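*Asks:* this one's sequence-less:
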């Protein structure tokens, strides 16, 4: 019998709901056309199905479900469940092969490109691999599953998030789950929750892809959109206070406390500012030049810090004290809503 203990959403169900979860899983994984459930609560069945799908990105051949309620008078006696299958058995096998090949390519990339041997290095390398090999395309085939990413190299938010979850869970045993909600304009969205050590962080791989996020910047100087970095880390390993500036949760009540900033990319790399700090700026720019980086991104912790930094570096032209001594112009892009300034070196 399959064990679901340790799966994020499963662990947040009641014992009765866990039984229904196991029943639905059995029907879906075995592609059974119709099966009876122990629950007669329609709302409970919907909740359990959604939780199960969030836990299992490998169930990529289902787009939903239907049910039949059998009643005696006004009382539902029992309910049967039927998955809405989007592929036949041969298609499933074909795409399972494509997914397996994709995992192999990703693992080789991680081995060759991880910046560190710890879990953080693995998480970042997987994030980079998915983004570098996926284009955001709302018309992509099977875009609600990992198939779109593995077989076609294009997807939408759900495909990005589910593949990120699938690889880290299956290949590296790192606890990652999908989170559903919407962005501030009401558009449905999906991203990830990652556990690293005793702390949780949010990751949004879709918003790390330049094909999705290039419109976030205001461009100034001799800069064009094709100069935007292919991978961005604005929403990589962020605490909830940052993700909540732009994202709204469907089920915030079941999310853990997520207030640690130590693994947030910009904090970890010394590019997160709570005030104007000449020493921190010098260290950051010197390191970027030493590494021969093409650009550098500063993130401020608030609107007031952002305005203060912008005035100091740009209005007062202090930026030239940190740029190469031969620099006479500065090319930069800024995102005031998210407190970022990007400088090309």
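*Replies:* Now that the structure is in, tell me what you want to look at. Since the structure is predicted, the reported quantities are computational estimates derived from the model, not experimental observations.
*Asks:* count of neighbours near residue 125?
*Replies:* 20 (other Cβ atoms under 10 Å). Glycine gets a C-beta too; all of them are placed from N, C-alpha and C.
*Asks:* state the distance from it to residue 106.
*Replies:* 8 Å (Cβ to Cβ, to the nearest Å).
*Asks:* same check, this time on residue 295
*Replies:* Here residue 295 is placed at a distance of 26 Å from residue 106 (Cβ to Cβ).
*Asks:* and for residue 169?
*Replies:* Using Cβ to Cβ, residue 169 is found at 13 Å from residue 106.
*Asks:* point out where the chain drops to low pLDDT.
*Replies:* 1, 210-226 (pLDDT under 70).
*Asks:* where do the helices of it begin and end?
*Replies:* 15-29, 42-55, 89-113, 119-132, 146-147, 157-172, 210-213, 240-243, 265-268, 278-290, 303-310 (DSSP state H).
*Asks:* so which of the ones you listed gets nearest residue 202?
*Replies:* helix 240-243 (4.4 Å; Cβ to Cβ).
*Asks:* now that closest one: buried residues?
*Replies:* Judged by neighbour count (16 or more other Cβ atoms under 10 Å), helix 240-243 contains these buried residues: 240, 242-243.
*Asks:* what of stretch 316-333?
*Replies:* Residues of stretch 316-333 classed as buried by neighbour count (16+ other Cβ under 10 Å): 319, 322-323, 330-333.
*Asks:* filter those residues down to just the ones in strands.
*Replies:* Assigned to strands by DSSP state E, the following of the buried residues of stretch 316-333 qualify: 332-333.
*Asks:* now for the buried residues of stretch 316-333: which two are most distant?
*Replies:* By the measure Cβ to Cβ, 322 and 333 form the most distant pair in the buried residues of stretch 316-333, at 16.8 Å.
*Asks:* distance of the residue lying closest to residue 170 once chain neighbours are set aside from residue 200?
*Replies:* Leaving aside its sequence neighbours, residue 170 sits nearest to residue 103 (Cβ to Cβ, 6 or more residues apart in numbering; 7.2 Å). Here the criterion is Cβ to Cβ. By it, residue 103 lies 25 Å from residue 200.
*Asks:* of the two, who's got more company?
*Replies:* Per other Cβ under 10 Å, whichever of residue 103 and residue 200 has more neighbours is residue 200, with 20 against 17.
*Asks:* list the contacts for the more buried one?
*Replies:* 193-194, 256-258, 260 (Cβ atoms under 8 Å, 6 or more residues apart in numbering).
*Asks:* swap in 7 Å and give it another go.
*Replies:* Counting by Cβ atoms under 7 Å, 6 or more residues apart in numbering, residue 200 touches 193-194, 256, 258.
*Asks:* rebuild those as a markdown table, extending it with neighbour count and distance to residue 120.
*Replies:* What follows is those, written out as a markdown table (neighbours: other Cβ atoms under 10 Å; distance: Cβ to Cβ, whole Å):
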| residue | neighbour count | distance to residue 120 |
| --- | --- | --- |
| 193 | 21 | 15 |
| 194 | 24 | 10 |
| 256 | 11 | 18 |
| 258 | 19 | 16 |
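*Asks:* just send these back as CSV, with distance to residue 141 too.
*Replies:* Compiled in CSV, the contacts of residue 200 are given as follows (distance: Cβ to Cβ, whole Å):
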residue, distance to residue 141
193, 27
194, 28
256, 34
258, 34
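*Asks:* widest-spaced pair of these?
*Replies:* 194 and 256 (11.0 Å).
*Asks:* neighbour count winner among residue 295 and residue 106?
*Replies:* Neighbour tally, residue 295 and residue 106, criterion other Cβ under 10 Å: the higher count belongs to residue 106, 21 against 15.
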